[in-house]
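Chemist: Show me the folded form of this:
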Amino acid sequence: MRTLKLMLLLAALAIAGNVGYGQDTAKYSPPNIYIGSNINSGKHTKESLLVNPFISIQSKDSTKWNIVSYRVVFVRQIGGSGVEDAPITVIGANFSEEVIAKIQSAKSGTIIEFSDIKIQSIVGIRIFFNPIMIRIQ
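Modeler: I've put the predicted structure just below:
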(Lines give C-alpha, C1' and ligand atoms only; values in the text may rest on other atoms or scores of the structure.)
Protein backbone atom coordinates (compact mmCIF):
# COMPACT_ATOMS: atom_id res chain seq x y z
CA MET A 1 0.00 0.00 0.00
CA ARG A 2 2.83 2.34 0.89
CA THR A 3 4.53 1.65 -2.46
CA LEU A 4 1.30 2.44 -4.32
CA LYS A 5 0.94 5.78 -2.50
CA LEU A 6 4.55 6.64 -3.29
CA MET A 7 4.05 5.75 -6.97
CA LEU A 8 0.87 7.86 -7.14
CA LEU A 9 2.67 10.80 -5.50
CA LEU A 10 5.56 10.55 -7.98
CA ALA A 11 3.14 10.33 -10.90
CA ALA A 12 1.25 13.40 -9.65
CA LEU A 13 4.52 15.34 -9.34
CA ALA A 14 5.58 14.33 -12.85
CA ILE A 15 2.24 15.47 -14.30
CA ALA A 16 2.35 18.74 -12.36
CA GLY A 17 5.90 19.36 -13.56
CA ASN A 18 4.93 18.81 -17.19
CA VAL A 19 1.87 21.03 -16.93
CA GLY A 20 3.94 23.76 -15.29
CA TYR A 21 6.57 23.53 -18.03
CA GLY A 22 3.94 23.93 -20.72
CA GLN A 23 2.54 26.99 -19.00
CA ASP A 24 5.98 28.60 -18.69
CA THR A 25 6.77 28.22 -22.39
CA ALA A 26 3.28 29.36 -23.39
CA LYS A 27 3.88 32.82 -21.90
CA TYR A 28 6.63 33.59 -24.42
CA SER A 29 5.33 35.53 -27.38
CA PRO A 30 6.96 35.30 -30.80
CA PRO A 31 9.50 38.05 -31.44
CA ASN A 32 9.54 40.49 -34.35
CA ILE A 33 12.27 40.00 -36.95
CA TYR A 34 13.78 42.87 -38.93
CA ILE A 35 16.35 43.47 -41.61
CA GLY A 36 18.77 45.85 -39.95
CA SER A 37 17.05 47.48 -37.03
CA ASN A 38 13.62 48.35 -38.46
CA ILE A 39 12.95 47.02 -42.00
CA ASN A 40 10.39 44.24 -42.31
CA SER A 41 8.95 44.72 -45.83
CA GLY A 42 8.44 47.21 -48.65
CA LYS A 43 10.67 49.10 -51.08
CA HIS A 44 14.11 50.16 -49.88
CA THR A 45 17.33 51.42 -51.37
CA LYS A 46 20.42 49.23 -51.43
CA GLU A 47 22.11 51.74 -49.17
CA SER A 48 19.38 51.49 -46.51
CA LEU A 49 19.71 47.69 -46.50
CA LEU A 50 23.48 47.85 -46.16
CA VAL A 51 23.61 50.45 -43.36
CA ASN A 52 22.90 47.62 -40.91
CA PRO A 53 23.65 44.41 -42.85
CA PHE A 54 22.15 41.88 -40.46
CA ILE A 55 18.89 40.42 -39.21
CA SER A 56 17.75 41.58 -35.77
CA ILE A 57 15.15 40.38 -33.30
CA GLN A 58 12.98 42.49 -31.03
CA SER A 59 11.25 40.49 -28.32
CA LYS A 60 8.02 41.60 -26.64
CA ASP A 61 9.20 40.03 -23.39
CA SER A 62 12.60 39.58 -21.76
CA THR A 63 13.54 36.51 -23.80
CA LYS A 64 16.96 36.80 -25.46
CA TRP A 65 16.89 35.38 -29.00
CA ASN A 66 19.82 34.69 -31.33
CA ILE A 67 19.77 34.23 -35.09
CA VAL A 68 21.01 30.74 -35.96
CA SER A 69 20.61 30.84 -39.75
CA TYR A 70 18.41 32.03 -42.62
CA ARG A 71 17.99 31.71 -46.37
CA VAL A 72 18.20 34.53 -48.91
CA VAL A 73 16.79 34.36 -52.44
CA PHE A 74 17.15 37.12 -55.05
CA VAL A 75 14.34 37.31 -57.60
CA ARG A 76 15.26 39.35 -60.69
CA GLN A 77 12.62 40.75 -63.03
CA ILE A 78 13.35 39.69 -66.61
CA GLY A 79 10.81 40.32 -69.35
CA GLY A 80 7.90 40.67 -66.95
CA SER A 81 8.57 37.47 -65.00
CA GLY A 82 10.66 36.73 -61.94
CA VAL A 83 13.79 34.61 -62.18
CA GLU A 84 15.10 33.22 -58.90
CA ASP A 85 18.79 32.92 -58.20
CA ALA A 86 20.01 29.93 -56.19
CA PRO A 87 19.27 30.31 -52.47
CA ILE A 88 22.06 31.45 -50.16
CA THR A 89 22.15 30.03 -46.64
CA VAL A 90 23.61 32.38 -44.04
CA ILE A 91 24.81 31.25 -40.62
CA GLY A 92 24.43 33.87 -37.88
CA ALA A 93 22.78 37.29 -38.03
CA ASN A 94 25.23 39.18 -40.28
CA PHE A 95 24.82 39.19 -44.05
CA SER A 96 27.46 37.09 -45.77
CA GLU A 97 29.88 38.70 -48.23
CA GLU A 98 27.95 37.00 -51.05
CA VAL A 99 24.63 38.53 -49.92
CA ILE A 100 26.23 41.99 -49.59
CA ALA A 101 27.76 41.72 -53.08
CA LYS A 102 24.42 40.64 -54.59
CA ILE A 103 22.60 43.54 -52.92
CA GLN A 104 25.22 45.97 -54.22
CA SER A 105 24.86 44.66 -57.78
CA ALA A 106 21.06 44.23 -57.73
CA LYS A 107 19.00 46.25 -60.19
CA SER A 108 15.96 48.27 -59.27
CA GLY A 109 12.92 46.01 -58.90
CA THR A 110 14.88 43.00 -57.62
CA ILE A 111 13.09 41.25 -54.78
CA ILE A 112 15.11 39.91 -51.87
CA GLU A 113 13.41 37.19 -49.87
CA PHE A 114 14.67 36.36 -46.37
CA SER A 115 13.08 33.09 -45.21
CA ASP A 116 13.50 30.00 -43.05
CA ILE A 117 14.83 32.25 -40.29
CA LYS A 118 15.95 29.99 -37.44
CA ILE A 119 16.19 31.61 -34.01
CA GLN A 120 17.18 30.18 -30.64
CA SER A 121 16.70 31.06 -26.97
CA ILE A 122 16.25 29.28 -23.66
CA VAL A 123 12.71 28.57 -24.88
CA GLY A 124 14.09 26.51 -27.75
CA ILE A 125 14.51 26.85 -31.49
CA ARG A 126 11.88 28.39 -33.75
CA ILE A 127 11.82 28.73 -37.51
CA PHE A 128 9.96 31.55 -39.26
CA PHE A 129 8.86 30.22 -42.63
CA ASN A 130 7.00 33.38 -43.69
CA PRO A 131 9.49 35.38 -45.72
CA ILE A 132 10.46 39.00 -45.29
CA MET A 133 10.27 40.43 -48.80
CA ILE A 134 12.13 43.58 -49.78
CA ARG A 135 12.07 45.23 -53.21
CA ILE A 136 15.11 47.24 -54.29
CA GLN A 137 14.16 50.82 -55.31
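Chemist: Now the residue most central in space within the chain: which helix or strand?
Modeler: In the chain, the residue lying closest to the centroid (C-alpha atoms, centre = their mean) is I117, at 3.2 Å. If you go by DSSP states H and E, I117 is part of strand 111-121.
Chemist: quick one: strands adjacent to the top strand by length along the chain?
Modeler: Longest strand in the chain, counting residues (DSSP state E): strand 66-78. Strand 66-78 has its sheet partners listed here by DSSP bridges as strand 81-84 (antiparallel), strand 88-91 (antiparallel), strand 111-121 (antiparallel).
Chemist: mind listing what's buried in it?
Modeler: Residues 67, 69-70, 72-75 are the ones in strand 66-78 that count as buried (16 or more other C-beta atoms under 10 Å). Using the backbone N, CA and C atoms, a C-beta is placed for each residue, glycine as well.
Chemist: Contacts for it next, please.
Modeler: Here strand 66-78 makes contact (C-beta atoms under 8 Å, 6 or more residues apart in numbering) with 54-55, 57, 82-85, 87-93, 95, 99, 102, 106-107, 109-121, 125.
Chemist: following the helix or strand of the chain with the lowest mean pLDDT, which helix or strand comes up?
Modeler: One helix or strand of the chain scores below all others by mean pLDDT, DSSP states H and E: helix 2-26, with a mean of 45. Going down the chain from helix 2-26, the next helix or strand is strand 32-35, by DSSP H and E.
Chemist: Identify each buried residue in that next one, please.
Modeler: Those would be 33-35, for strand 32-35 by 16+ other C-beta under 10 Å.
Chemist: can you list those residues in JSON lines and add pLDDT?
Modeler: Shown next, in JSON lines, are the buried residues of strand 32-35 (pLDDT from 0 to 100):
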{"residue": "I33", "pLDDT": "95"}
{"residue": "Y34", "pLDDT": "97"}
{"residue": "I35", "pLDDT": "97"}
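Chemist: circling back: only the buried subset of the contacts of strand 66-78, as a PyMOL command please.
Modeler: Buried members of these can be picked out in PyMOL with the line below, counting by 16+ other C-beta under 10 Å:
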select buried, resi 55+57+90+93+95+99+102+106+110+111+112+113+114+115+116+117+119
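Chemist: What residues does P131 make contact with?
Modeler: Residues near P131 by C-beta under 8 Å, 6+ apart: 113-115.
Chemist: Appreciated, that's everything.
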